[in-house]
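Asks: sharing a sequence plus its predicted fold:
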Amino acid sequence: MIDAFNAINGYDSFHSKLLGYFKLSRWDATDRVLVSWPGNYYRYALDNYSWGYCAFQDFPTSTLQKADIFLTTHTATVNRSSVTGYCFDIDKDNVWPEGTGQMIVAYQKAGNFSSADYYLAEIEKLLVKSNLYPTAYGIPYSSNFGTHYANAPLWQGADTKPCVSSDAWYLFGVLQFDPMAVNYNKAIPLADKFWVN
């Protein structure tokens, strides 16, 4: 829903209603973060932190520090390297390169290039050579076999085969490209910015 908010130009009733939904159903006013699954053990999800920061004007930079609840270190299946990055959720049973790439873009947007560069180097530890193209490399979906959001197991190969989403977010970080920047500047009334009130 965050990407839909960002993708549609301007600010109109669509955007206002979506922000109203986020405020009523997906905003944790105590921790001041967006949630994915209210009332559940897995209510927090990493992409709400990075995407919220990148999509919503004046979203608290403190959100990026709060994402440390997903920070973890694991041994990569592909090469046995120790890799530090972010998991999908709070079980922290793997490093999620796509989500770590999203955090890299958010750190760059916040001007925290030292953290962005650190996590870019960590993702590079996961590079795996393509079986089809001798000079090509990619990044798997996960550092090791584990679960994705909530507790459903990943598919076979998620930790060993290149994955487009991991590669894309890694390249966004390398190129310092924020895909949410295109429609970032919206005329959101201050009263609708529940995250600053």
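Replies: The structure has been received and is ready for your questions. In this text, all values refer to a predicted model and were calculated from it rather than measured experimentally.
Asks: report the secondary structure state of the residue of the chain positioned farthest from its centre.
Replies: Distance to the chain centre peaks in the chain at P134, reaching 30.0 Å (criterion: C-alpha atoms, centre = their mean). Using DSSP: H, G, I helix; E, B strand; the rest coil, the structure places P134 in coil.
Asks: repeat for D68
Replies: helix.
Asks: residues in contact with stretch 121-133?
Replies: Here stretch 121-133 makes contact (C-beta atoms under 8 Å, 6 or more residues apart in numbering) with 76, 78-79, 81-85, 95, 97, 100-101, 104, 136-140, 143, 160-162, 166, 170, 173. Every residue, glycine included, has its C-beta placed from N, CA and C.
Asks: can you tell me which of the residues you listed are in strands?
Replies: Counted as lying in strands by DSSP state E, out of these, are S82, V83, T84, G85, Y137, G138.
Asks: which one of the residues you listed is nearest F194?
Replies: G85 (29.6 Å; C-beta to C-beta).
Asks: from I188, how far off is the closest one?
Replies: 31 Å (C-beta to C-beta, to the nearest Å).
Asks: more neighbours: the two, which one.
Replies: G85 (26 against 17; other C-beta atoms under 10 Å).
Asks: what pairs with that one across the strands?
Replies: T72 (DSSP bridges).
Asks: list the contacts for P38?
Replies: Contacts of P38 (C-beta under 8 Å, 6+ apart): S25, R26.
Asks: and it, that's in a strand?
Replies: No - under three-state DSSP, P38 sits outside any strand and is assigned coil.
Asks: who touches stretch 42-52?
Replies: By C-beta under 8 Å, 6+ apart, stretch 42-52 touches 2-3, 26, 28, 33-37, 59, 63-64, 66-67, 69-70, 86-91, 96, 99, 102-103, 105-106, 149-151, 180, 195.
Asks: from the residues you listed, list just the buried residues.
Replies: Buried by 16 or more other C-beta atoms under 10 Å: 2, 26, 33-36, 59, 63-64, 67, 69-70, 86-89, 91, 96, 99, 102-103, 105-106, 149, 180, 195, out of the contacts of stretch 42-52.
Asks: just to revisit the earlier point, which of the ones in strands among the contacts of stretch 121-133 tops the neighbour count?
Replies: G85 (26 neighbours).
Asks: between the ones in strands among the contacts of stretch 121-133, which is nearest G20?
Replies: G85 (33.5 Å).
Asks: my read: the closest one touches V95, true?
Replies: Yes - the criterion here is C-beta atoms under 8 Å, and G85 meets it with V95 at 3.8 Å.
Asks: overlap in contacts of those two?
Replies: In contact with both G85 and V95: T72, E122, S143, using C-beta under 8 Å, 6+ apart.
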